[in-house]
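**Student:** okay, structure incoming, though there's no sequence with it:
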Ligand SMILES: CCCCCCCCCCCCCCCC(=O)Oc1ccc([N+](=O)[O-])cc1
């Protein structure tokens with residue numbers, strides 16, 4: 001056999017091997033199809049690196065949905081979360097991408113229904129009594145009205161994504177308590193943290209009733225709330241104001257994302 005011929009045979013063999021390798025081994029292992037839903041805590045207001053195509057939804061490429069997508073290479077991905085969303089916004093305008101092949105759904109929702117922005121505005125501009133009264137009203141809403149609204153939203157998600165693992169992520173405490181901190185009073189800090197606990201308790205119980213997983217982020221944020229000295233939340237932001245009292249990029253990477261990962 002002439003050397004050229006054997007070389008050409010070898011080359012043919014090599015090419016065939018390469019070809020079969022290329023045909024049988026996908027470039028990247030595909031994870032389950034993933035859809036992210038929810039409010040500004042899901043969209044990533046406060047995390048920076050915003051997707052300009054998301055307009056006033058202010059979705060961030062550094063928020064937990066994109067961190068999960070980048071790590072798990074889902075076979076399909078959609079993020080329909082949006083700044084200011086309430087439960088009916090999820091049901092009415094975020095469920096488009098869900099289908100029977102959807103493998104994982106995440107969402108953070110309920111805080112705006114209970115009046116998050118108005119509560120924080122009242123607590124920043126009003127007296128201790130104003131703040132306590134406004135939080136009491138929000139807690140009463142969370143306990144009496146929010147459960148039915150969450151049920152309707154969770155039912156709509158399950159109807160469109162019958163095979164998905166649904167991970168409902170909660171809200172962190174906003175303040176580290178018992179430390180010296182310039183700004184709002186200790187009374188306000190305690191009351192606002194109490195509101196996170198009430199919201200998380202209601203959301204967790206409704207999620208469990210639907211067979212959804214509840215991802216509690218409070219311990220992940222422990223020691224990184226406002227006044228901690230290593231804050232993973234923004235305080236009042238003058239511009240853009242929609243970042244106020246929302247998680248930073250660190251809050252998404254080290255608070256929300258590990259909790260989503262552990263529960264998905
Ligand atoms: C319900 C009383 C909550 C009191 C403080 C408790 C803080 C922890 C819970 C946080 C809940 C945040 C959910 C809201 C996220 C959200 O969409 O915020 C907005 C972001 C931006 C706008 N906006 O109008 O631009 C409006 C709302």
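**Tutor:** Thanks, I have the structure now. This one's a predicted model, so the numbers in the text were calculated from it and none came from an experiment.
**Student:** C-alpha only now, for contacts and for neighbours.
**Tutor:** Fine.
**Student:** mind listing the strands for the stretch 1-150 of the chain?
**Tutor:** Taking DSSP state E, counting those that start in this stretch as the criterion, the stretch 1-150 of the chain contains strands spanning 33-38, 77-79, 102-108.
**Student:** let me have these in a markdown table, extended by distance to the ligand and mean neighbour count.
**Tutor:** Below are these laid out as a markdown table (distance: least, CA to the nearest ligand atom, whole Å; neighbours: other CA atoms under 10 Å):
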| stretch | distance to the ligand | mean neighbour count |
| --- | --- | --- |
| strand 33-38 | 8 | 26 |
| strand 77-79 | 15 | 19 |
| strand 102-108 | 8 | 24 |
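**Student:** wait, residue 242 touches residue 43, no?
**Tutor:** No. Look at residue 242 against residue 43 with CA atoms under 8 Å: they stay out of range, at 11.6 Å.
**Student:** pick out the residue nearest the middle of the chain.
**Tutor:** Geometric centre of the chain, nearest residue: residue 42, 3.1 Å, by CA atoms, centre = their mean.
**Student:** show me the contacts for that residue.
**Tutor:** By CA atoms under 8 Å, 6 or more residues apart in numbering, the contact list for residue 42 reads 36, 63, 64, 65, 81, 82, 107, 108.
**Student:** what's the farthest-apart pair in those?
**Tutor:** The largest distance within the contacts of residue 42, taken as CA to CA, falls between 64 and 82 and amounts to 13.4 Å.
**Student:** more neighbours, those two?
**Tutor:** residue 64 (29 against 26; other CA atoms under 10 Å).
**Student:** for the more buried one, what are its contacts?
**Tutor:** By CA under 8 Å, 6+ apart, the contact set of residue 64 is 42, 44, 252, 253, 256, 257, 260.
**Student:** need these in TSV with secondary structure and pLDDT, can you?
**Tutor:** Below are the contacts of residue 64 laid out as TSV (DSSP: H, G, I helix; E, B strand; the rest coil; pLDDT from 0 to 100):
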residue	secondary structure	pLDDT
42	helix	99
44	coil	98
252	helix	99
253	helix	98
256	helix	99
257	helix	98
260	helix	98
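**Student:** out of those, who has the most neighbours?
**Tutor:** Counting neighbours by other CA under 10 Å, residue 44 leads the contacts of residue 64 with 31 neighbours.
**Student:** comparing residue 242 and residue 43, which residue is more hemmed in?
**Tutor:** Just comparing residue 242 and residue 43: by other CA under 10 Å the higher neighbour count belongs to residue 43, 33 against 18.
**Student:** ok, that one touching residue 78?
**Tutor:** No. Between residue 43 and residue 78 there is no contact under CA under 8 Å: 11.7 Å.
**Student:** where do the helices sit along the stretch 51-200 of the chain?
**Tutor:** Secondary structure of the stretch 51-200 of the chain (DSSP state H, counting those that start in this stretch): helices at 64-72, 87-93, 116-125, 128-144, 146-160, 186-209.
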